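[1] 3D model of this:
(chains A, B, C and D)
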There are 2 protein chains.
Amino acid sequence: MQASVRTKEAAAEVATRELTALTKHLLLTTSREMFHELEKAGISITQIKSLTFLAEAEEPLSVKALSDMIGLSLPGVSRAIDGLVQRGEITRVEDPRDRRSKLLTITPRGRRTYERVLATRMAGIRRFVDELDPEEQEALARGLSAVAGRLKR
Amino acid sequence: MQASVRTKEAAAEVATRELTALTKHLLLTTSREMFHELEKAGISITQIKSLTFLAEAEEPLSVKALSDMIGLSLPGVSRAIDGLVQRGEITRVEDPRDRRSKLLTITPRGRRTYERVLATRMAGIRRFVDELDPEEQEALARGLSAVAGRLKR
DNA sequence: TATTGTTATACTCTATAACTATA
DNA sequence: TATAGTTATAGAGTATAACAATA
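    Numbers count the residues shown, from 1 in each chain, chains lettered A, B, ... in the order given. Presented below is the predicted three-dimensional model:
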């Protein structure tokens, strides 16, 4: 009884510690090229976050909803959105049910931009994975697959 | 032979895909409180990156070396450093072997700041881990421990 | 009156250019 | 002449405050 509790706690602690170390490692080794890719595309941090949330949202989002999700000020998001609309990455139309509100939807072009940036991060992660032994890759794949169902897709 | 190759490739692809999804998930769910913590502490992105590299460096670093590691301009790093020095988070002394260069070292206070910010990220990751079943925690811990040796500590 | 969104203004951050000191 | 670092200046980004439109 006590042993099982101890084991459970140890697993949670080990998982947390190792996951923290791994994300930190990936952050340090990939953030440079991420920033470079964003700069090349002329996309700000807030803009890529907006695209990310809009790409994964099932339905159109209001500026307010997006602002709450991202955790940035409404004017800041409004400005970021403005740039994305002008570039044709998203559409912004009045909500017929509440004309104060605007409904934001990602366009195919916006989705391509989002996926290009995502691919940059993926490439950095792929580099890390490729340096592992086959056994390490297997073990990592198994461990991650076990929790894949816990992530929003 | 061919089967083993296919398996190896599949493991790398699965690991990359799942690791990308997991880091994205953690980024979206924890970045808000990270920014909040940094703002509360009055620390900029460049400053926390500087503290991170200095905390993990074995020896003092020059401003140039730090600038190369972070991938930002020398003046930008110089400014960021300036704030950290004034706040007593790091020390900056002339390199006696090359008086053009300044040697940067993290102070105990700077280390505490770094660890407080790190703890914030860890707390977000811990929340994710705590929501998992014991079996999922076990599997994740095993998979991550297998690659722990590949990370700089 | 309250809420959604935009515009006005000020501040922070960072990059390029110019400069100083040392090699 | 080249390099390390700082200071000057400009541009991008974001927050608070003020405003307009709608509920």
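[2] can you give me the helices in chain A?
    Secondary structure of chain A (DSSP state H): helices at A:2-41, A:45-56, A:63-70, A:74-86, A:108-130, A:134-145.
[3] which residue is nearest the middle of chain A?
    The residue at the geometric middle of chain A, judged as the C-alpha nearest the mean C-alpha position with C-alpha atoms, centre = their mean, is A:T52 (5.8 Å).
[4] So stretch A:113-120, near DNA strand D or not?
    No: among the residues of stretch A:113-120, none lie within reach of DNA strand D under C-beta under 7 Å from any atom of the strand; the closest is 14.0 Å away. C-beta: built from backbone N, CA, C; applies to glycine.
[5] Quick check: the residue nearest to the centre of chain A vs A:I70, distance?
    Spatial separation of A:T52 from A:I70 under the definition C-beta to C-beta, to the nearest Å is 9 Å.
[6] can you point me to the longest strand in chain A?
    strand A:98-106 (DSSP state E).
[7] got any ranges where chain A has weak pLDDT?
    In the prediction, chain A carries residues with pLDDT under 70 at positions A:1-9, A:153.
[8] Now it against chain B: closest residue?
    Here the residue of chain A nearest chain B is A:G143; by C-beta to the nearest C-beta that distance is 1.5 Å.
[9] buried ones in stretch A:135-153?
    Buried residues in stretch A:135-153, counted by 16 or more other C-beta atoms under 10 Å in any protein chain shown: A:136-147, A:151.
[10] thinking again about what came up before, if I read this right, the residue of chain A closest to chain B contacts B:Q137, doesn't it?
    No: under the criterion of C-beta atoms under 8 Å, A:G143 makes no contact with B:Q137, lying 10.2 Å away.
[11] Pull up the overlap in contacts between the two.
    Between them, A:G143 and B:Q137 have no joint contacts when contacts are counted by C-beta atoms under 8 Å, 6 or more residues apart in numbering or on different chains.
[12] is chain B contacted by stretch A:21-38?
    Yes: for a cut-off given as C-beta under 8 Å from any C-beta of the partner chain, stretch A:21-38 has contacts with chain B, namely A:A21, A:L22, A:T23, A:K24, A:H25, A:L26, A:L28, A:S31, A:R32, A:F35, A:H36.
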